[in-house]
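Enquirer: Generate coordinates for the sequence data below:
(one chain, ligands or ions: 1)
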Amino acid sequence: MTDSASLVRPDRRAELAAGLARVRTRIADACVAVGRDRTEVTMIAVTKTYPAADVIALAGLGVTDVGENRDQEAAPKAEQVALAGVAPRWHFIGRLQRNKVKSVVRYADVVQSVDSVRLASALDAATTGRRDRPLEVFVQVSIDGDPSRGGSVPDSADPDIGLGPVTAAVAASAGLRLAGLMAVAPLGWEPERAFARLATIAETVRAEHPQAVALSAGMSGDLEAAIGHGATHVRVGSALLGMRPTLR
Ligand SMILES: *Cc1c(COP(=O)(O)O)cnc(C)c1O
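Expert: The predicted structure is shown next:
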């Protein structure tokens, strides 16, 4: 085992600690503003484009959940982190091609970007015999109904990407556990409007699947609005780790 602390430069550690303190304060304030208990909201540190050393440092600062959006980057990073003896919960939050599911189920505890029946089936098949407990799944929803940027479509009869068929497929899969919904506010929408709409969608899903209580919404720029509309998970990258060099 590597001495995990030795991988982290003290100045970077201090930078991450400061970012974490700021984000934790924002989350706590947002909870107070709407009368929610702080323990209802889990922060996922989105570490895409940042190295394994940052994940290790964040874990040392008490971060329990990390998010990644590309398998090519996440798989080796998760391996490095595990070799350092650090074990955060890994959330896969990016668009997922079916030829990557075998790799993703090796390290991911949660997949938040399931948006088709075909992807749900492929994930379920990939979990068979590989995991001792079901893979947690958040079904991704397209709040504006445009599937081109990912997400299943509410009120659609499409048997592959309709929200109803996708949630039903996940709920019926032995290898998967339907945790709830995930969404990104559509470009050009006020976060308040987007997350209010998402809350309504989540209510209709819970009427059918009472176990689907989780709601992953809110990022660096809009986590307050998401918490105001019931987010249980916020996915925070740049506010925590700094601006990424490229837009992803
Ligand atoms: C990158 C990313 C985030 C984090 O975005 P920030 O604005 O850096 O906080 C959250 N969710 C998804 C799906 C992402 O791809």
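Enquirer: Quick one: residues contacting the residue lying closest to Arg70 once chain neighbours are set aside.
Expert: Spatial nearest neighbour of Arg70, chain neighbours left out: Gly94 (5.6 Å); criterion: CB to CB, 6 or more residues apart in numbering. For the C-beta atoms, the positions are set from N, CA and C on the backbone; glycine is no exception. By CB atoms under 8 Å, 6 or more residues apart in numbering, the contact list for Gly94 reads Lys48, Glu68, Asn69, Arg70, Ser113.
Enquirer: does any bit of stretch 54-65 sit next to the ligand?
Expert: No - Stretch 54-65 stays clear of the ligand (CB under 6 Å from any ligand atom), getting no nearer than 12.3 Å.
Enquirer: any idea how far the residue nearest to Arg70 is from Arg118?
Expert: When distance is defined by CB to CB, to the nearest Å, Gly94 is 17 Å away from Arg118.
Enquirer: from the contacts of Gly94, which ones fall inside strands?
Expert: Glu68, Ser113 (DSSP state E).
Enquirer: Narrow the contacts of Gly94 to just the buried residues.
Expert: Neighbour-count burial (16 or more other CB atoms under 10 Å) is assigned, among these, to Lys48, Glu68, Asn69, Arg70, Ser113.
Enquirer: where does this structure dip in pLDDT?
Expert: Along the chain, the model assigns pLDDT under 70 to residues 1-6, 246-248.
Enquirer: Would you pull up the residue in it closest to the ligand?
Expert: Relative to the ligand, the nearest point of the chain is Gly237 (2.7 Å; CB to the nearest ligand atom).
Enquirer: isn't that residue right up against Ile44?
Expert: No - look at Gly237 against Ile44 with CB atoms under 8 Å: they stay out of range, at 9.2 Å.
Enquirer: Mind listing the shared neighbours of those two?
Expert: With contacts defined as CB under 8 Å, 6+ apart, the residues shared by Gly237 and Ile44 are Gly67.
Enquirer: Neighbour count: the two, which is higher?
Expert: It is Ile44, of Gly237 and Ile44, that has more neighbours when counted by other CB atoms under 10 Å, with 26 against 22.
Enquirer: coming back round to it: what is the burial count for the closest residue to the residue of the chain closest to the ligand other than its chain neighbours?
Expert: The shortest distance from Gly237 to any non-neighbouring residue, by CB to CB, 6+ apart, is to Val46 (3.5 Å). Val46 is flanked by 27 other residues according to other CB under 10 Å.
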